[in-house]
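Enquirer: All I have is the shape, not the residue letters:
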């Protein structure tokens, strides 16, 4: 049974007509960077809900959720209509495998995200732990247009702070934008160009990977990583490929 915390909308930021981030005030909620929660809106006697990763770091004062609105969806149109002061429900049991406590001692952490799947990685990158543990952290972040890359300013700030450790590789598939790669992430990985760009070998011995975003990307990247000798991670069978699917 889900136990709900009462939350209040503080901000509903609209990045594009379909892309949003809501900021929620609740009583303190302990979670690990990379975890997700259930977010719900009351609809009569029911609560419509679905899982969303938290974008904010664990020491943030507000919970933040980054999402796309789905035209024929049941929940996302309700979320887009929320205004500051409106009520929202948040589950009190964060969970998920995309946390650094799941990562073994390796040299390099590779993060693969499409669209709003970057959320848990923003949370992780805003903590101190990745910079204390890994020699290199590579974020591959793919979207359709520059406007869809909502957190590029924050990521560039992280890049400036951890210039020697952080390799940020942005992909924009439907526009040619300076400083970004106009290609599908999977095409770049398969060709070997991704490792050349990162100046790093992606191997089971030295790397752990995390994948979050649409199912096609996750499935394709997983297959390509398995061809390199990496295997899927679970608590019962540790591996090098951890994932979170949104679709």
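Expert: That came through fine. Nothing here was measured: the structure is a model prediction, and the numbers come from that model. Residues are numbered from 1 along each chain as shown.
Enquirer: Which strands or helices does the helix or strand hosting residue 111 pack on?
Expert: Element membership for residue 111, per DSSP states H and E: strand 108-114. Using 3 or more C-beta pairs under 8 Å, 6 or more residues apart in numbering; DSSP states H and E, the elements in contact with strand 108-114 are helix 119-125, strand 136-143, strand 207-213, helix 215-227. C-betas here are computed from N, CA, C, even on glycine.
Enquirer: Tell me which strands it pairs with, and in which orientation.
Expert: For strand 108-114, the paired strands and their directions (DSSP bridges) read strand 136-143 (parallel), strand 207-213 (parallel).
Enquirer: Now do the first one against helix 215-227, angle only.
Expert: Right, strand 136-143. 150 degrees (axes from the mean of the first three to the mean of the last three C-alpha atoms, to 10 degrees).
Enquirer: what does strand 136-143 rub up against?
Expert: 107-115, 118, 121, 125, 130-131, 149, 155, 162, 165-173, 184-185, 189, 194, 198, 200, 213, 217 (C-beta atoms under 8 Å, 6 or more residues apart in numbering).
Enquirer: Please check those residues and keep the buried ones.
Expert: With burial judged by 16 or more other C-beta atoms under 10 Å, the buried subset of the contacts of strand 136-143 is 108-115, 118, 121, 125, 130, 149, 155, 162, 165-173, 184-185, 189, 194, 198, 200, 213, 217.
Enquirer: Take the helices and strands packed on strand 108-114 and write them to a markdown table, including distance to residue 92.
Expert: Formatted as a markdown table, the helices and strands packed on strand 108-114 follow (distance: least, C-beta to C-beta, whole Å):
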| stretch | distance to residue 92 |
| --- | --- |
| helix 119-125 | 18 |
| strand 136-143 | 30 |
| strand 207-213 | 22 |
| helix 215-227 | 28 |
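Enquirer: Can I get those in a markdown table including mean pLDDT and distance to residue 234?
Expert: A markdown table is the format used below for the helices and strands packed on strand 108-114 (pLDDT from 0 to 100; distance: least, C-beta to C-beta, whole Å):
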| stretch | mean pLDDT | distance to residue 234 |
| --- | --- | --- |
| helix 119-125 | 97 | 17 |
| strand 136-143 | 98 | 23 |
| strand 207-213 | 97 | 13 |
| helix 215-227 | 96 | 13 |
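Enquirer: on that earlier part again, among the strands paired with strand 108-114, which is nearest residue 25?
Expert: strand 207-213 (25.2 Å; C-beta to C-beta).
Enquirer: before we move on, the earlier item: in JSON lines: the strands paired with strand 108-114, plus distance to residue 22.
Expert: Shown next, in JSON lines, are the strands paired with strand 108-114 (distance: least, C-beta to C-beta, whole Å):
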{"stretch": "strand 136-143", "distance to residue 22": "19"}
{"stretch": "strand 207-213", "distance to residue 22": "18"}
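Enquirer: what's the closest of those strands to residue 245?
Expert: strand 207-213 (7.9 Å).
Enquirer: picking that back up, closest to residue 86 out of the helices and strands packed on strand 108-114?
Expert: helix 119-125 (21.1 Å).
Enquirer: what stretches of this structure score poorly on pLDDT?
Expert: Residue ranges of the chain with pLDDT under 70: 246-247.
Enquirer: biggest strand in it, by residue count?
Expert: In the chain, with assignment by DSSP state E, the single longest strand is strand 4-16.
Enquirer: Partner strands of it and their direction?
Expert: strand 19-25 (antiparallel), strand 87-91 (antiparallel).
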